[in-house]
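Chemist: Sequence and predicted structure, then a few things I'm wondering about:
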Amino acid sequence: MTNKERYEDAKARYRELGVDTDQAIAMLKEIPVSLHCWQGDDVTGFDHEGPLTGGIQTTGDYPGKARTPEELMQDMDKALSLMPGRKKLNLHASYAMFGEGAERVDRDQLEPKHFAKWVEFAKERNMGIDFNPTFFSHNKVKDGLTLSSPDEETRRFWINHGKACIRIAEYFAKETGMPCVMNIWTGDGYKDIPADRMGPRMRYKDSIEQILSEPFDKKLVKPCVESKVFGIGVESYTAGSAEFTLSFAASHEGCLPLMDNGHYHPTEVVSDKIPALLCFYPEIALHITRPVRWDSDHVVLFDDETKEMAKEIVRCNALDRVYMALDYFDAGINRISAWAVGFRSWQKALLYALCLPNEQMKQLQEENRLTELMVMQENVKMCPFADVWREYCEQCGVSEDGWFAEVEKYEQEVLGKRQ
Ligand code: RNT
Ligand code: ZN
C-alpha cells in the first residue's frame, strides 16, 4: 500500500467515528506554536558571561552547542525544516544582538534595533515573534531577587528592563503583523522559610504594574505572568506563586496568566487547569514542557499528559484563545533533535486531539452513559493515527521517517566541527 492509500484507509476508519481527518489536518496547519530559541544554546544568550541563574538548570554537555547568533539561527533553521506546521519564534531579551564593534547596552537600555536581525530572520520565514524579558543570569539580580527586591535601585533596573521589553514586543508585532506574547517570569524567591511573604509580593505586584504602565497596543502585545511553585535554590518560597499570578492577571485587564506544566506540584495537571481558566479569561498562555519528578524541562514527548493538554484546548474550542509555546532545554542530546522531537510531539498531540470524536464523547457524558464513554475512549486509541500524522507531515513538506538522518548529517557536517 502507498502512503496515500494508507491515509485514505485511515480517513475512512475515522469517518465511521464521525471524524473528518482532512479538516483536522487543515486546521492544524493554521495554528502557530512558538519555538523557543533557548534550546539551541542551553539558555545561555549573548549578552552576558557567567552562569545560568534563576533556579533553572541545564544538564549535559552534548557537543555542538550554538555559540553565536549566526550559529543559533543556522541551527534553528535546520530544526525548522524538520517540523510540520506553523511556527512562531520565541526569544529572550538575553538574545539581543549588538553586532561587531557596536556599543553594548545593559538590559534596561535595550531597543528594537538590538533585535533587528531576529526580525529579519522571522519575517523571511513568515514567523511571528514572542518575547521574554530576562530576569536571570545577570549581575543585577541582587540576593536572588529582581522585581521583588527590597533594594529600590535593583527593582528600578528590572522595571526598566520590563518596560524596554514592552517597546520591543510592540515593535515585533508591528514588524511581523502578528501579536507578540510577552511573558514575565522571575526566579525571585527564598531557599528557606522567609519571615515576610507578602512584602516581596507587594513589590512584585507594583513592579509589574509599572512595567504595564508603559503604553502599548493591547491587540499587539499580550503580556503574561508565569507562576512557579519552586526552583533550585528557591525551594521554600517564590514571589510569583500560582495564586499571585492568577490574581494579578485576573485583576489587570489585558494581562494573561501563563501556565508552565512543569511549575506545579507533581500530581497537579495543567490539562485540568486549562478549562478552568478558560471559564474566566478571554485568552491564556502555556509553556509546554516535560517535568520528570521536578521542573526538569525534559524534551516534550507524545505522552499522556501532553495529549491531555492538547485535548482540552481542542475540546474547549480554544485554539485561538490559547497561546502555545514550548519551553524545555536538554543539553545532553543533539539540540536540533531536541527541538524537532518536542515540536513534533506537540503537533502530534494537537492533531491527535483534532481527530477525536469529541462531540460524541461529550454527548455520552451528558447522558451519563459513562460505561460507553470509557469503551469509546479506549477504542479511539486504536485508530490508525500514524497514517494521518504521516499525511500531515507530507502535506507540510516534511519527512515523517527521514528527518533524523538529516540531523545526523548536520551533526557530522556542522555541529561536529564546533569545538
Ligand atoms: C523557568 C520558566 C521560564 C524559563 C524560560 C527560559 O522555570 O519556565 O519560562 O524556562 O523563560
Ligand atoms: Zn516556562
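Modeler: Received the coordinates, thanks. Ligands and ions are numbered 1, 2, ... in the order given.
Chemist: ok now do P84, which residues does it touch?
Modeler: R344, Q347, Y392, C393, Q395, C396, G397, V398 (Cβ atoms under 8 Å, 6 or more residues apart in numbering). The way it works is simple: take the backbone N, C-alpha and C, and place the C-beta from them, glycine included.
Chemist: Go again with 6 Å.
Modeler: Counting by Cβ atoms under 6 Å, 6 or more residues apart in numbering, P84 touches Q347, Y392, C393, C396, V398.
Chemist: Put the buried members of those residues into a PyMOL selection.
Modeler: Once 16 or more other Cβ atoms under 10 Å is used to decide burial, the buried members of these can be selected in PyMOL as follows:
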select buried, resi 347+392+393+396+398
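Chemist: Tell me which of the contacts of P84 fall in helices.
Modeler: Among the contacts of P84, the members found in helices (DSSP state H) are Q347, Y392, C393.
Chemist: re earlier: between the contacts of P84, which is closest to ligand 1?
Modeler: Q347 (20.6 Å; Cβ to the nearest ligand atom).
Chemist: What confidence value was assigned to the closest one?
Modeler: In this prediction, Q347 carries a pLDDT score of 98.
Chemist: which residues touch the residue most central in space within the chain?
Modeler: Closest to where the C-alpha atoms of the chain average out (Cα atoms, centre = their mean) is A325, at 2.2 Å. Each residue near A325 by Cβ under 6 Å, 6+ apart is listed here: S34, N90, H287.
Chemist: Show me the beta-bridge partners of it.
Modeler: A325 forms beta bridges with S34, H287, as assigned by DSSP bridges.
Chemist: So which of the contacts of A325 reach ligand 2?
Modeler: H287 (Cβ under 5 Å from the ion).
Chemist: possible to save the contacts of A325 as TSV with pLDDT?
Modeler: Listed next are these as TSV, based on pLDDT from 0 to 100:
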residue	pLDDT
S34	98
N90	98
H287	98
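Chemist: okay, the contacts of A325 in a markdown table with neighbour count next?
Modeler: A markdown table is the format used below for those (neighbours: other Cβ atoms under 10 Å):
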| residue | neighbour count |
| --- | --- |
| S34 | 26 |
| N90 | 25 |
| H287 | 25 |
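Chemist: The contacts of A325: which ones sit near ligand 1?
Modeler: H287 (Cβ under 6 Å from any ligand atom).
Chemist: Do stretch 292-311 and ligand 2 come into contact?
Modeler: No. Stretch 292-311 lies out of reach of ligand 2 by Cβ under 5 Å from the ion, never closer than 8.1 Å.
Chemist: List the neighbours of that stretch that are in contact with it.
Modeler: 262, 269-271, 288-290, 328-330, 338, 341-342, 345-346, 348-350, 352-353.
Chemist: Just the buried positions in it, please.
Modeler: For stretch 292-311, by 16+ other Cβ under 10 Å, it's 295-302, 306-311.
Chemist: May I see the buried residues of the longest helix that the chain contains?
Modeler: The residue-count maximum for a helix in the chain (DSSP H) belongs to helix 152-176. Across helix 152-176, burial judged by 16+ other Cβ under 10 Å covers 154-155, 157-166, 168-173, 175-176.
Chemist: Also stretch 116-125?
Modeler: Applying 16+ other Cβ under 10 Å to stretch 116-125 flags K117, W118, V119, F121, A122 as buried.
Chemist: CA-only coordinates of that stretch, as CSV, when you get a sec.
Modeler: The C-alpha coordinates for stretch 116-125 follow below in CSV (Å, rounded to 0.1, in the frame of the first residue of the first chain):
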residue,chain,number,x,y,z
ALA,A,116,16.5,43.8,14.1
LYS,A,117,18.4,40.7,12.9
TRP,A,118,15.9,38.5,14.6
VAL,A,119,13.0,40.3,13.0
GLU,A,120,14.7,39.8,9.6
PHE,A,121,15.1,36.1,10.4
ALA,A,122,11.4,35.8,11.4
LYS,A,123,10.0,37.8,8.6
GLU,A,124,11.9,35.8,6.0
ARG,A,125,10.3,32.7,7.4
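Chemist: returning to that earlier point: which residues touch the longest helix of the chain?
Modeler: Contacts of helix 152-176 (Cβ under 6 Å, 6+ apart): 93, 107-108, 110, 112, 115, 119, 122, 128-129, 131, 133, 140, 142, 146-147, 149, 179-180, 182, 207, 210-211, 214, 216, 220-221.
Chemist: and the closest residue to I284 other than its chain neighbours, how far is that from ligand 2?
Modeler: Spatial nearest neighbour of I284, excluding adjacent residues (Cβ to Cβ, 6 or more residues apart in numbering): L277 at 5.0 Å. In this view, L277 and ligand 2 are 16 Å apart by Cβ to the ion, to the nearest Å.
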